[in-house]
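Participant: the sequence and its predicted three-dimensional model are supplied below.
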Amino acid sequence: MKKLSLLLIMLVAAVVMQAQIATNIYWVQFTDKNDSPYSIDRPEEFLSQRALDRRARLEIEIDEYDIPVNPQYLQAVEACGAQLLNPSKWLNGVSVYTTSQSVVDAINALEFVQVVRNCPNNPEAQRDKEIWLANEMKASGNPVVARGYYGGAQTQVYQLNIQQLHEMGYDGTGVVIAVLDGGFIGTDEHSAFDNMRAEGRLLGVKDFVYGSESVYSQSTHGTSCLSTMGAFEPNNMVGTAPKASYYLFHTEDGNSENIVEEYNWVSGAELADSLGVDVCSTSLGYIDFDMPQWDHHFPDYDGHTAPMTIGAEIAASRGLICMNSAGNEGDGTCTLGIPADAEHIITVGAVDGNGDRAWFSSVGPTYDGRIKPDVMAMGDDTYVASGWGGYYNGDGTSFSCPVFAGAMACLRQAFPEVSVQAMCDVVRAAGNNANNPDNYFGYGITDFKLAFDMLTNSVAENEMKNSIFEVYPNPAKGKVTVALREDVAVNSITLYGVTGQVLLNTNNINELETTINNLSSGVYTVKMDSESGNQTLKVVLTK
């Protein structure tokens with residue numbers, strides 16, 4: 001508690017020092033992407049190979065959203081005297097810093113600038129944020145006594161039945177998760193992440209708030225959220241995706257409450273997409289801002305109005321599975337925080353260890369009448385790591401979201417070729433309230449083994465219906481055979497590795513069989529296109 005008090009004192013001091021900076025941040029909205037040096041025909045210039053592989057695996061085309069902001073536009077804005085902060089290709093704009101009205105006027109005069117929006121701060125809104133963060137980071141009781149392999153996290157893991165997928169080998173291996181949050185104090189030192197660091201699964205960090213080289217400052221909030229997924233300290237704490245790989249992005253400014261933070265998040269999600277991230281976990285939500293005209297009112301919760309919601313929808317369309325906390329505003333009419341209203345993401349509410357809804361968990365519906373939250377996970381008395389060391393039990397949908405996101409990463413590992421929409425649909429269908437969903441409990445608490453079985457059956461049925469080839473035995477411990485239907489003329493065959501990378505492109509069935517027989521243990525995906533149809537098949541090797 002003393003350390004928490006010290007943190008709050010530091011936050012208050014930082015507010016005083018940073019207030020002027022926040023007042024001088026602006027969002028510059030461009031009109032178009034004309035005369036860009038980039039092209040959708042050369043996506044390798046702005047998307048990593050892992051991102052391209054994910055697009056190919058999920059059959060998602062490159063489009064204009066993927067084209068970066070025109071660098072000539074950015075240079076022109078900078079030439080006016082502004083400091084460039086974070087561009088966003090999806091929203092086609094850039095956040096900038098300047099103290100000069102004449103610079104703002106010069107930017108506004110550029111023919112390709114649609115509008116320049118000021119994003120100042122307000123001490124009252126900032127105090128509300130500090131209280132919200134403090135309540136989530138405050139211990140809700142004595143730390144749970146360790147119980148076996150999962151330690152204090154056992155209840156939150158078992159509640160989703162994700163331990164059964166872990167026992168099957170689906171522990172997040174090969175899946176990449178981006179955590180977008182307000183700071184990660186202690187992540188670089190806490191023993192919960194020793195294994196992650198030692199195995200090189202902490203892939204990188206990025207600060208979208210201050211542009212620094214580190215994200216290990218400002219808040220422990222991200223550290224606690226990360227631990228619910230990535231902790232691997234058997235008998236103390238093991239998270240829901242203990243062997244996944246992670247990126248840490250600092251997008252939330254704890255020293256202000258500005259709409260620019262939504263734009264920061266979108267820039268972070270864009271980077272996640274370009275890096276080939278599979279799952280995004282965000283325990284942030286926005287309702288009221290320091291500048292009242294940017295406040296979100298009920299009509300804004302329609303799934304396509306708020307900047308962060310727009311970004312979340314685009315992220316999902318790129319093949320990212322996005323999860324967001326519902327919020328901690330309790331009962332009412334749509335007490336959600338943006339972007340929890342987004343249609344194609346999973347919004348996570350909070351329950352306690354008995355499966356009862358937490359009193360603070362935000363509720364829907366959205367303005368257009370959709371049910372939110374989608375699902376529930378443990379966010380009341382959740383076991384988490386503290387950025388100051390050790391563990392504690394905390395409350396908040398901030399914790400239920402990553403608990404669920406880690407489980408979703410394990411499901412993605414098992415089914416790398418299934419669409420984002422199908423993944424989201426199945427975790428709703430496998431909820432314990434799926435027969436009678438509502439805006440308090442959503443579709444309920446997902447049974448991930450049930451979701452796994454449902455997807456397995458669905459994939460098997462689809463494979464039988466569209467069968468043009470088979471691999472047997474499958475699963476296999478020894479040699480496998482690839483058999484092609486007699487009337488099939490193969491156009492192309494693509495073999496994907498356990499992390500989604502392309503291992504082989506060919507049209508030769510014998511080359512495919514030879515390659516598969518030289519692979520090590522793992523789950524691989526074969527996609528075959530022919531004149532008779534298309535088929536995707538998962539191959540399990542247990543050598």
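Facilitator: Sure, I can see it.
Participant: and residue 235, how many residues sit next to it?
Facilitator: For residue 235, the neighbour count with other Cβ atoms under 10 Å is 12. The way it works is simple: take the backbone N, C-alpha and C, and place the C-beta from them, glycine included.
Participant: what strand or helix carries it?
Facilitator: In this assignment (DSSP states H and E), residue 235 forms part of neither any helix nor any strand.
Participant: pLDDT wise, what is it at?
Facilitator: Looking at residue 235, its pLDDT stands at 94.
Participant: and the gap between it and residue 191?
Facilitator: According to Cβ to Cβ, to the nearest Å, residue 235 stands 12 Å off from residue 191.
Participant: residues contacting residue 303?
Facilitator: By Cβ atoms under 8 Å, 6 or more residues apart in numbering, the contact set of residue 303 is 309, 313, 341-343, 366, 368, 370.
Participant: pull the residues that contact stretch 28-44.
Facilitator: With contact meaning Cβ under 8 Å, 6+ apart, stretch 28-44 is reached by 45-46, 52, 62-64, 66-73, 77, 82, 91-96, 107, 112-117.
Participant: endpoints of stretch 285-296, how far apart?
Facilitator: Distance across stretch 285-296, first residue to last, is 11 Å (Cα to Cα, to the nearest Å).
Participant: I'd like the average pLDDT over it.
Facilitator: 82.
Participant: could you list the buried residues of that stretch?
Facilitator: The neighbour-count check on stretch 285-296 (16 or more other Cβ atoms under 10 Å) flags 285-291, 294, 296 as buried.
Participant: now for the residues you listed: which two are most distant?
Facilitator: 285 and 291 (17.6 Å; Cβ to Cβ).
Participant: hang on, residue 347 packs against residue 335?
Facilitator: No - contact criterion Cβ atoms under 8 Å: residue 347 and residue 335 do not qualify, at 12.0 Å.
Participant: those two - which one has more neighbours?
Facilitator: residue 347 (32 against 20).
Participant: and the more buried one, which helix or strand is it part of?
Facilitator: Residue 347 is part of strand 346-351 when elements are defined by DSSP H and E.
Participant: where along the stretch 1-150 of the chain do the strands fall?
Facilitator: 25-30, 83-88, 93-97, 113-118 (DSSP state E, counting those that start in this stretch).
Participant: dump the ones you listed to CSV, plus distance to residue 56.
Facilitator: Formatted as CSV, the strands of the stretch 1-150 of the chain follow (distance: least, Cβ to Cβ, whole Å):
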stretch, distance to residue 56
strand 25-30, 30
strand 83-88, 25
strand 93-97, 29
strand 113-118, 34
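Participant: sorry, back to before: which of the contacts of residue 303 ranks first by neighbour count?
Facilitator: residue 341 (31 neighbours).
Participant: check for me that that residue belongs to a helix.
Facilitator: No - counting by DSSP: H, G, I helix; E, B strand; the rest coil, residue 341 is located in no helix; its state is coil.
Participant: residue 226 contacts residue 244, doesn't it?
Facilitator: No - if you go by Cβ under 8 Å, residue 226 and residue 244 don't touch, sitting 10.6 Å apart.
Participant: the two: who's more crowded?
Facilitator: Higher neighbour count among residue 226 and residue 244: residue 226, with 30 against 26, using other Cβ under 10 Å.
Participant: contacts only, for that one.
Facilitator: With contact set as Cβ under 8 Å, 6+ apart, residue 226 has these partners: 179, 181, 184, 187, 193, 246, 248, 385, 402.
Participant: double-check that residue 527 belongs to a helix.
Facilitator: No - Residue 527 sits outside any helix when classified using three-state DSSP, being strand.
Participant: hey, where'd the helices end up in the stretch 401-543 of the chain?
Facilitator: Under the criterion DSSP state H, counting those that start in this stretch, helices of the stretch 401-543 of the chain are mapped to 420-429, 448-465, 509-517.
Participant: indicate which one of those is closest to residue 481.
Facilitator: Checking the helices of the stretch 401-543 of the chain against residue 481 by Cβ to Cβ gives helix 509-517 as the closest, at 6.7 Å.
Participant: can you list contacts of the closest one?
Facilitator: With contact meaning Cβ under 8 Å, 6+ apart, helix 509-517 is reached by 469, 471, 479-482, 484, 490, 493, 495, 503-504, 506, 524, 526, 539, 541.
Participant: just the buried residues of stretch 285-296 now: which is nearest residue 264?
Facilitator: residue 286 (11.0 Å).
Participant: isn't the closest one right up against residue 338?
Facilitator: Yes - the pair residue 286 and residue 338 qualifies as a contact (Cβ under 8 Å) at a distance of 4.6 Å.
Participant: between those two, which contacts overlap?
Facilitator: Common neighbours of residue 286 and residue 338, using Cβ under 8 Å, 6+ apart, are 262, 296, 306, 308.
Participant: narrow these to those in helices?
Facilitator: Among those, the members falling in helices (DSSP state H) are 262, 308.
Participant: min pLDDT across the shared contacts of residue 286 and residue 338, which one?
Facilitator: residue 296 (89).
Participant: so what's that one up against?
Facilitator: 286-288, 306, 338.
Participant: which residues does the residue nearest to the spatial centre of the chain bridge with?
Facilitator: Central residue check for the chain by Cα atoms, centre = their mean: the C-alpha nearest the mean position is that of residue 280, 0.8 Å away. Beta bridges link residue 280 to residue 178, residue 322 when assigned by DSSP bridges.
Participant: show me where the stretch 101-250 of the chain has helices.
Facilitator: 101-108, 123-137, 154-159, 163-167, 194-198, 221-230.
Participant: mean pLDDT for those helices: which is lowest?
Facilitator: Checking each of the helices of the stretch 101-250 of the chain, the one with the poorest mean pLDDT is helix 123-137, at a mean of 55.
Participant: and the contacts of residue 303 as CSV, adding distance to residue 274 and pLDDT?
Facilitator: Below are those laid out as CSV (distance: Cβ to Cβ, whole Å; pLDDT from 0 to 100):
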residue, distance to residue 274, pLDDT
309, 20, 97
313, 17, 97
341, 25, 96
342, 20, 97
343, 23, 95
366, 29, 95
368, 30, 94
370, 29, 95
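Participant: and which of these is nearest to residue 100?
Facilitator: Among the contacts of residue 303, residue 309 lies closest to residue 100 (Cβ to Cβ), at 32.1 Å.
Participant: list the contacts of the nearest residue to the closest one once chain neighbours are set aside.
Facilitator: Closest residue to residue 309 apart from its sequence neighbours, by Cβ to Cβ, 6 or more residues apart in numbering: residue 339 at 4.0 Å. Shown in contact with residue 339 (Cβ under 8 Å, 6+ apart): 262, 282, 285, 306, 308-309, 311-312, 324, 345.
Participant: quick one: residue 90 and residue 65 touch, right?
Facilitator: Yes - under the contact definition of Cβ under 8 Å, residue 90 touches residue 65, with a separation of 5.4 Å.
Participant: now the common contact residues for those two.
Facilitator: Common neighbours of residue 90 and residue 65, counting by Cβ under 8 Å, 6+ apart, are residue 314.
Participant: one step back: in strands only, show me the contacts of helix 509-517.
Facilitator: The members of the contacts of helix 509-517 that map onto strands under DSSP state E are 469, 471, 481-482, 484, 490, 493, 495, 503-504, 506, 524, 526, 539, 541.
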